[in-house]
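>>> Okay, predicted coordinates and the sequence, questions at the end:
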Amino acid sequence: MPNVIWITGLSASGKTTLAKSITKSLKDKGMSVVMLDGDVLRECLDVQKQNSREERKKLAFTYSRLAQMLSLQGVTVVVGTIALFKEIHLWNRENISGYYEIFLNVPIEELRKRDPKGIYKRYFNGEIKDVAGLDISVDYPDNPHLKIDFTRDKTPDVVSKIALDSFNEYNVNG
């Protein structure tokens, strides 16, 4: 059965790392899988920076519809995107068969340490604005299928194992 695994969290929370790991694991099992990454999607869709909450929400709906379309064609889709909007979470649950949501809950202090794109540094230096979770409000999922809270002992491999075990359990019992 095709699925959509939706990985959400703030910038630098590990969405892309987890999405790549899950995608590889599922492909290694012979599944037809495609990974959709928010940064890559913006580039492919030639979308200029979406600043406001409403612009970001509109783009997130595009990602949702794309994931839905692919899953309806028999492909398992792994999505890594911020898209922290209650409307997106609700729409996905109501419209995507086999939807499975993972929320990576990482505190701002840790995100600032990671900061691979320099987003938090530039924000706190006053160089940029419109950063999700800082000056753009976000809606953390009320009931993700899996919420992974950050702790130092949760390496990317550990997080990937937790996510895959939970996803497999969900598919067996869900």
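Received the coordinates, thanks.
>>> all contacts plus neighbour counts: C-alpha atoms, from now on.
Fine.
>>> buried ones in the helix or strand hosting residue 20?
Here residue 20, judged by DSSP states H and E, is contained in helix 15-28. Neighbour counts over helix 15-28 (16 or more other Cα atoms under 10 Å) mark 15, 16, 18, 19, 20, 21, 22, 23, 24, 25, 26 as buried.
>>> Now do the same contact list for the second one.
Contacts here follow Cα atoms under 8 Å, 6 or more residues apart in numbering; on that basis residue 16 touches 37, 80.
>>> coming back round to it: quick check: mean pLDDT across the helix holding residue 20?
Mean pLDDT, computed over helix 15-28, is 96.
>>> Dump it to PDB, keeping only the CA atoms.
Written as PDB, here are the backbone C-alpha positions of helix 15-28 (Å, rounded to 0.1, in the frame of the first residue of the first chain):
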ATOM      1  CA  LYS A  15      14.000  16.600   8.300                       C
ATOM      2  CA  THR A  16      16.100  16.100   5.300                       C
ATOM      3  CA  THR A  17      18.500  13.700   7.000                       C
ATOM      4  CA  LEU A  18      15.700  11.600   8.300                       C
ATOM      5  CA  ALA A  19      13.900  11.700   4.900                       C
ATOM      6  CA  LYS A  20      17.000  10.500   3.100                       C
ATOM      7  CA  SER A  21      17.500   7.600   5.600                       C
ATOM      8  CA  ILE A  22      13.900   6.500   5.400                       C
ATOM      9  CA  THR A  23      13.900   6.700   1.700                       C
ATOM     10  CA  LYS A  24      17.000   4.600   1.400                       C
ATOM     11  CA  SER A  25      15.700   2.000   3.800                       C
ATOM     12  CA  LEU A  26      12.400   1.700   2.000                       C
ATOM     13  CA  LYS A  27      14.100   1.500  -1.400                       C
ATOM     14  CA  ASP A  28      16.500  -1.200   0.000                       C
END
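>>> Look through this structure and tell me its longest helix.
Counting by DSSP state H, the longest helix found in the chain is helix 53-72.
>>> Who are the packing partners of the very next helix or strand once past that one?
Using DSSP H and E, the helix or strand that follows helix 53-72 in sequence is strand 76-80. Under the contact criterion of 3 or more Cα pairs under 8 Å, 6 or more residues apart in numbering; DSSP states H and E, strand 76-80 touches strand 4-8, helix 15-28, strand 33-37, helix 53-72.
>>> For residue 162, grab the count of nearby residues.
When neighbours are counted by other Cα atoms under 10 Å, residue 162 registers 14.
>>> Now do the same contact list for it.
Residue 162 is in contact with no residue at all, counting by Cα under 8 Å, 6+ apart.
>>> Please enumerate residues in contact with the lowest-mean-pLDDT helix or strand in the chain?
Lowest mean confidence among the helices and strands of the chain (mean pLDDT, DSSP states H and E): helix 38-44, at a mean of 77. Outside helix 38-44, the residues that touch it by Cα under 8 Å, 6+ apart are 48, 79, 80, 81, 82.
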